[in-house]
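Engineer: Just a sequence and a predicted model for now, questions to come.
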Protein chains: 2
Amino acid sequence: MPKAVILLSGGLDSTTCLAQAIKDQYDCYAISFDYGQKHRAELFAATNICRQFAVKAHETVTLSIGHLGGSSLTDSRLKIADANTDDEAIPNTYVPARNTTFLSIALGWAEILAAEAIYIGVSAVDYSGYPDCRPEYIAAYQSMANLATKTGVEGRPIRIITPLIHLNKAQTIQMGLELGVDYSQTVSCYQANEHGEACGRCDSCALRIKGFTDAGVSDPTRYVASQQPTIIN
Amino acid sequence: MPKAVILLSGGLDSTTCLAQAIKDQYDCYAISFDYGQKHRAELFAATNICRQFAVKAHETVTLSIGHLGGSSLTDSRLKIADANTDDEAIPNTYVPARNTTFLSIALGWAEILAAEAIYIGVSAVDYSGYPDCRPEYIAAYQSMANLATKTGVEGRPIRIITPLIHLNKAQTIQMGLELGVDYSQTVSCYQANEHGEACGRCDSCALRIKGFTDAGVSDPTRYVASQQPTIIN
């Protein structure tokens, strides 16, 4: 079977992508990143998810970019803001060039493996306004990648596949449930505790909660005991 | 003064770029990468070079991509080949997507710093046939970067500057000498020992030796005592 590299954070979207890649009959190689994020619980989730789905290999790449600052996801001095769906500004959870960096490391691994494709779970519908989740960004990345690599130059470009790019969160959840994803194992929260329990308040929790509500599916997320999730309609 | 991020390996090309960025009146922020390369001596060189030039900050980002394999620069099981200028194939020192990965981390830092530019010392003239050193690659990277970042989306793209892209090694050396670069402090060798002494045999040494010869300048490189450098005409 051909190979694909899957960017797997351990969250809802990337896990759905992994399930889709398996359905698409790829041998799956998952890659996760330990980049100083506060929600390192997602890395344990990713490891468990890789066991459930029979991935061929799972690599966790360490990347010391957290100390460069610039994001509340990695900087202990910055508080992760509660969700605010009225505010259209890019929130302080934005990690500059994160998808570009992660895709680039995945691109290198894909070339080493002679993989045909990279799956990334970006969505341009229910997202937090990050510029590197839009279709025009992905198209530009693909053009660049074709010129960056030995395989691209030799006429065998590695395809960037974005199964969720036009789906909202509810549609992603419906797709994942059909593919057999157990969302109780996924961690989306930006400040999940060490047990993988979610805060129920951050942007990522808010999008996820709304997704389950809109999909008409009960939310299997484990929340911290003291916190009732905030439901935004 | 405006800010620029400089990709600084500690070798001849990137040090020349740093000198050019200083001449271009940027406040310089240097970034180096500890990615499992055999020639870690270049990182010590980079630190010394940053002291000589008064850079504003120097970050060394650790990146555990070496264990992904695929290159003799990082894989202890693969021998770094001696230079072979007759062979036009991409050599086994190629690290898949390395420039793309390094540029992407630099792009993130540039956005955090509100820097205007990133300097990278690629050349499409005297190089080892790596695809990610060509002008068409850099142009595609620039287009992608403009869409990837908050600053790009807001109309303030970060410029990728390649002062050496059309220079051969001799021209780069001449430019650097005019800018005051002390090349005895730079390490280019792919298998430099812990003292920063060069092998005189690898592709990178061969290009450097030929550069000094063509420039008519005595070669200040420190070679390992047992090794006379190979001169390729």
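Structural biologist: Thanks, I have the structure now. Model, not experiment: these values are computed from the prediction.
Engineer: Name the surrounding residues that touch the longest strand seen in chain A.
Structural biologist: In chain A, taking DSSP state E as the definition, the longest strand is strand A:27-34. Residues outside strand A:27-34 that contact it (C-beta atoms under 8 Å, 6 or more residues apart in numbering or on different chains): A:1-10, A:18, A:21-22, A:40, A:42-43, A:46-47, A:49-50, A:53, A:55-63, A:102, A:105-106, A:109, A:113, A:115. C-beta here means a position set from N, CA and C on the backbone, and glycine is covered the same way.
Engineer: any idea how far chain B is from A:L147?
Structural biologist: Going from A:L147 to chain B by C-beta to the nearest C-beta, to the nearest Å gives 4 Å.
Engineer: Run a quick neighbour tally on that residue.
Structural biologist: The local packing of A:L147 (other C-beta atoms under 10 Å in any protein chain shown) involves 20 other residues.
Engineer: Show me how far stretch A:125-137 is from its chain's centre.
Structural biologist: 12 Å (C-alpha atoms, centre = their mean, to the nearest Å).
Engineer: That one close to chain B?
Structural biologist: Yes. Residues of stretch A:125-137 contacting chain B under C-beta under 8 Å from any C-beta of the partner chain: A:131-132, A:134, A:136-137.
Engineer: Identify the farthest-apart pair in those residues.
Structural biologist: Greatest spatial distance among the residues of stretch A:125-137 next to chain B (C-beta to C-beta): A:D132 and A:E136, at 10.5 Å.
Engineer: The two: which is more packed in?
Structural biologist: Taking neighbours as other C-beta under 10 Å, A:D132 and A:E136 compare with A:D132 leading, 27 against 12.
Engineer: tell me the contacts of that one?
Structural biologist: Neighbours of A:D132 in contact, by C-beta under 8 Å, 6+ apart: A:97-100, A:122, B:147-149.
Engineer: Which pair of the residues you listed spans the longest distance?
Structural biologist: Across those, the longest distance by C-beta to C-beta is 15.1 Å; it joins A:V122 and B:T149.
Engineer: picking that back up, is any part of the helix or strand just after the longest strand of chain A close to chain B?
Structural biologist: Per DSSP states H and E, strand A:27-34 leads on to helix A:41-52 as the next helix or strand towards the C-terminus. No. Helix A:41-52 does not reach chain B (C-beta under 8 Å from any C-beta); its nearest approach is 13.4 Å.
Engineer: and the angle from helix A:41-52 to strand A:27-34?
Structural biologist: Compare the direction of helix A:41-52 with that of strand A:27-34 by axes from the mean of the first three to the mean of the last three C-alpha atoms, to 10 degrees and you get 160 degrees.
Engineer: now helix A:41-52: how far from the chain's centre is it?
Structural biologist: With C-alpha atoms, centre = their mean, you get 13 Å for helix A:41-52.
Engineer: What lies in contact with that helix?
Structural biologist: A:8-11, A:14-15, A:18, A:30, A:32, A:34, A:58, A:60, A:182, A:185-188, A:192-196.
Engineer: circling back: report the buried members of the contacts of strand A:27-34.
Structural biologist: Buried members of the contacts of strand A:27-34, counted by 16 or more other C-beta atoms under 10 Å in any protein chain shown: A:3-10, A:18, A:21-22, A:40, A:42-43, A:46, A:49-50, A:53, A:55, A:58-59, A:61, A:63, A:102, A:105-106, A:109, A:113, A:115.
Engineer: Return the helix or strand in chain A with minimum mean pLDDT.
Structural biologist: When the helices and strands of chain A are compared on mean pLDDT, DSSP states H and E, helix A:150-153 comes out lowest with a mean of 88.
Engineer: buried sites along the following helix or strand past it?
Structural biologist: Sequence-wise, the next helix or strand downstream of helix A:150-153 (DSSP H and E) is strand A:159-161. Of all the residues in strand A:159-161, those buried under the rule 16+ other C-beta under 10 Å are A:160-161.
Engineer: which residues in chain A form strands?
Structural biologist: Secondary structure of chain A (DSSP E): strands at A:3-7, A:27-34, A:57-62, A:117-119, A:159-161.
Engineer: Output those in TSV, with mean pLDDT and distance to B:S76 appended to each entry.
Structural biologist: Listed next are the strands of chain A as TSV, based on pLDDT from 0 to 100; distance: least, C-beta to C-beta, whole Å:
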stretch	mean pLDDT	distance to B:S76
strand A:3-7	98	24
strand A:27-34	97	22
strand A:57-62	96	18
strand A:117-119	98	27
strand A:159-161	98	31
